[in-house]
Structures are given as C-alpha cells and as structure tokens.
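Peer 1: Could you look at this predicted model? Sequence included:
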Amino acid sequence: MGRVGVLLLNLGGPEQIEDVRPFLYNLFSDPEIIRLPFPWMQKPLAWLISSLRHKKSQANYMEIGGGSPLRGITEEQAIALQKSLQDKGQDVQVYIGMRYWHPFTEEAIARIKRDGVEQLVILPLYPQFSISTSGSSFRLLEKIWTDNPSLAPQQHTVIPSWYQRPGYLQAMAQLIARELDGFENPDQVHIFFSAHGVPVSYVEEAGDPYQQEIEECTRLIVQTLNRPNRHTLAYQSRVGPVEWLKPYTEDAITELAAEGINDLLVVPISFVSEHIETLQEIDMEYREVAEEAGIENFHRVPALNTHPVFIEDLANLVVEAIDAPPLTLDQVMRPQKNFKMYPQERWEWGMTTAAEVWNGRLAMLGFMGLLIELISGHGPLHFIGLL
Ligand SMILES: C=CC1=C(C)c2cc3[nH]c(cc4nc(cc5[nH]c(cc1n2)c(C)c5CCC(=O)O)C(CCC(=O)O)=C4C)c(C)c3C=C
Ligand SMILES: [Fe+2]
Ligand SMILES: [Fe+2]
C-alpha cells in the first residue's frame, strides 16, 4: 500500500468580519446552493445577494466574536483523527478542504499531490449527505481532477455519509444524556432536534436523500439514547423566498410552548462543529423565540467537536474504508446525474411542471432585473420614466 491520506471536507467560514462578503459570494456562486437555469446568471446573482446580505450576516458574526470558529475546530478534529489513526498503527496524513473559505479544497488537493499521496480517503464532515453540502464538495473534486488529471491520486475512496455509525450515535446520546440530567425533571424535557434545512425542491425534484437521512439519524439517536422523553424534529436556517423543509424551527418551538412545554433541549444534528448556526442562531435567536413564547428552561447540546468517542469512530471508519473495495466519486455521483436536474429537463407543452418552472425562471429574471435596476439606478424602467 502506498502513502495514504484522508481529506476532510467541510463548508468553511469567514475568519474575520471582512471575510463575510467574499465568503457569501463564494457560497452563492455555487450552483449546488442556488440552482439556476443559466450558468451565466450565477456570478451576478452571487454578487447581488452577497451585497444585499453581508451587513446582516456580519452583524450575526459580530455576535459570536467577529468570525466563524469552524477552521480552528476542524483543524483540532484533523489533529485528533490523525493521532487516533496513528494509535491504530496507521501512518496516515489528514488534510482539510473547505468549500467556501480557507483552506480551500484546491489548496488541499495541491498539498496532497505534493506529499505524494497515492490512496485518498474522502471523508465529508457532514454526517448526512446533501446535494448542497457533501454533493457540492464531491462535484468540485470531480471538476478539479477532470480539469487536471495529474492532480488525482492513484486511488481514492469516498464515504458519502456516516450518520448511522455506532460511535457517532453513542457520542450524541452521551452529550444529550448529560444535558438532560442537568434539568430538574429530566424525563419531562422535550428533546428538539434542529437540522439545517434545504429547499423542498432539493428533495422533491432533485432527489436529495438529505431529509430521509436526517429522519433516520434522529430515529437512531433516540433509539441509542433510550430515554422516555418526547421529541420533535424541525429545520432551521432558511434563506430566501422559496419553501424549505418543514416544520421550521421557530414555528415548532412556538407550537411546543403553546402546548405547555417548559423545558426544551435543542440538539443540532446536521453538523459536528460549533458554528454560526449553533452559537448565534440557536443560542441567541431561537432562545429569544422560546423565552418570548413562555419556555422557561432552554438548553442546547454542544456540538461533538473533538469528542473522543466520535473521533475514535471516525478513525475506525477510515480504517474500514482503506480495507474495503474503493467507492469512487464517479460511482457516488452517478445516481445524482440521473436525478431530475433543472437544466436537463426535457420540454413538454401544456401546464406541465417544466412550464411552471420556466414561468418561475422568467419571473425570477424579471425580479433580478428590477433589483439590479433599483441598486444601479440604470435600466429600461428608468429609460421610459417609470422609475
Ligand atoms: C448540513 C449542513 C448545511 C446544509 C444542508 C446547508 C445548506 C444551505 N446553506 C445555505 C446558505 C447559507 N449557509 C451558511 C452558513 C452555513 N451553512 C452551514 C451548513 C449547511 N448549509 C454551516 C455550517 C454554515 C456556517 C459556517 C460558519 O461560518 O460557521 C450561510 C452564511 C451564514 C449566514 O449568512 O447566515 C448561508 C447564507 C443554503 C442556501 C443551503 C441550501 C441550499
Ligand atoms: Fe448553510
Ligand atoms: Fe442563519
């Protein structure tokens, strides 16, 4: 066996307040985050959204100290994983490839090439697969290696998702049990699983398995926890005007409060590190929603970060992947290529789904034109004197 490397894939986050705008630009430039019919629209729209959103986003990052802790935590996870692999007799180098901020995936691939890694294990730090997260990073890797085949390692294997791993489930159950036992009446606490949302169209039109994996993951954590508490699953962090997976976290919290729930324990489940959505959105925004709705005791389970049971399980997962027959990017991405993706749809006449989608697209184009005109002060409506 040649030199082995592990590539940890993650989202990345702005490290300082000035990074927020270019970070948002990178995020919205990703066609897996905003699915548009024409590639040429992607960059102008990314520029527009990052320009309109960055102030609000910066204010949120200011509330957690001016930047995302994601890079630091991911680096600690990489060090802990490498150590755990060494303890198992595996001489493996661990790399980090972020999708939207430093260290970028491209940088990681250059280092992997320079170090002469021959066999690469690709491990996303997202327990559940989504087109918008792991899928996006896989697509980027595919592109890097297609554009420059000399950068590809001799052999690679992909771990698409791993939410059903026993160590991950045990670590989550341990953290939940510890928080439950901090309440006065642990059995009366309502456990509230809050997953990052995605637009409904990802699941219903593009075939994203994310919702199904989140539901299954919640079921397995509850089973592993083996406590009598009631629980709810809801989706947070909605962005933009389209419909996202429901119930929305804020609505579900308000409904539970109306039912008379007094003790709520929030469990973030789509991400294994502390980040803006746990530290600001849950700890500040949703806490306020809950308290205003009458919930007296609002607690949150910390993210796994470098929980030893979790890291040990990741190391076992890597060892198993090294020994198993490889699962290539092509094999993992092939089912996605058969999904109904917007730009590849075939046209049929009448009020078909495709017609509705095109109505939506044209309306969106008009809306974008209007926004650009409102911001720039130039355009056809100004020309004919309507603005
Ligand atoms: C599994 C986790 C995540 C999914 C699924 C996901 C989908 C998704 N996200 C956006 C838009 C934004 N995400 C932002 C930050 C962000 N997203 C995730 C995770 C998932 N996203 C994380 C961990 C972070 C935070 C990184 C950090 O800085 O700590 C942001 C920026 C923050 C903000 O302005 O609110 C946006 C915007 C979409 C549109 C989407 C699915 C289509
Ligand atoms: Fe996100
Ligand atoms: Fe948010």
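Peer 2: Received, thanks. Since the model is a prediction, treat every value here as computed from it, not as a measurement. Ligands and ions are numbered 1, 2, ... in the order given.
Peer 1: so how far is ligand 1 from residue 276?
Peer 2: Look at residue 276 and ligand 1: by C-beta to the nearest ligand atom, to the nearest Å, they are 4 Å apart. Bear in mind the C-beta positions are built from the backbone N, C-alpha and C, glycine included.
Peer 1: for residue 27, that is, sorry about that
Peer 2: The gap separating residue 27 from ligand 1 is 6 Å, by C-beta to the nearest ligand atom.
Peer 1: I'd like to know which elements the strand or helix carrying that residue is packed against.
Peer 2: Assessed by DSSP states H and E, residue 27 sits inside helix 20-28. Counting contacts by 3 or more C-beta pairs under 8 Å, 6 or more residues apart in numbering; DSSP states H and E, helix 20-28 is packed against helix 42-63.
Peer 1: which residues are in contact with the helix it packs on?
Peer 2: Applying C-beta atoms under 8 Å, 6 or more residues apart in numbering, the contact partners of helix 42-63 are 14, 17, 20-22, 24-29, 31, 34, 36, 67-68, 276, 280-281, 284, 368, 371-372, 375.
Peer 1: Of those residues, grab the buried ones for PyMOL.
Peer 2: One line in PyMOL is enough to select the buried members of those, burial here meaning 16 or more other C-beta atoms under 10 Å:
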select buried, resi 14+17+20+21+24+25+26+27+28+29+31+34+36+67+68+276+280+281
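Peer 1: Keep only those of the contacts of helix 42-63 that are also close to ligand 3.
Peer 2: residue 281 (C-beta under 5 Å from the ion).
Peer 1: which parts of the chain sit against ligand 1?
Peer 2: Contacts of the chain with ligand 1, taken as C-beta under 6 Å from any ligand atom, map to 11, 13-14, 27, 33, 57, 68, 70, 126, 130, 132-133, 196, 198-199, 239, 270-271, 275-277.
Peer 1: just the buried members of those?
Peer 2: Looks like those have 11, 13-14, 27, 33, 57, 68, 70, 126, 130, 132-133, 196, 198-199, 270-271, 275-277 buried, using 16+ other C-beta under 10 Å.
Peer 1: Which ones among those residues lie within strands?
Peer 2: Using DSSP state E, the members of those that fall in strands are residue 196.
Peer 1: So which of the buried ones among the residues of the chain next to ligand 1 are in helices?
Peer 2: Assignment to helices by DSSP state H places the following of these there: 27, 57, 70, 276.
Peer 1: hang on, the last one packs against residue 67?
Peer 2: No - look at residue 276 against residue 67 with C-beta atoms under 8 Å: they stay out of range, at 9.4 Å.
Peer 1: tell me, what's touching the two both at once?
Peer 2: Residues touching both residue 276 and residue 67 by C-beta under 8 Å, 6+ apart: 13, 61.
Peer 1: which residue is nearest the middle of this structure?
Peer 2: The residue lying closest to the centre of the chain (C-alpha atoms, centre = their mean) is residue 133, at 4.8 Å.
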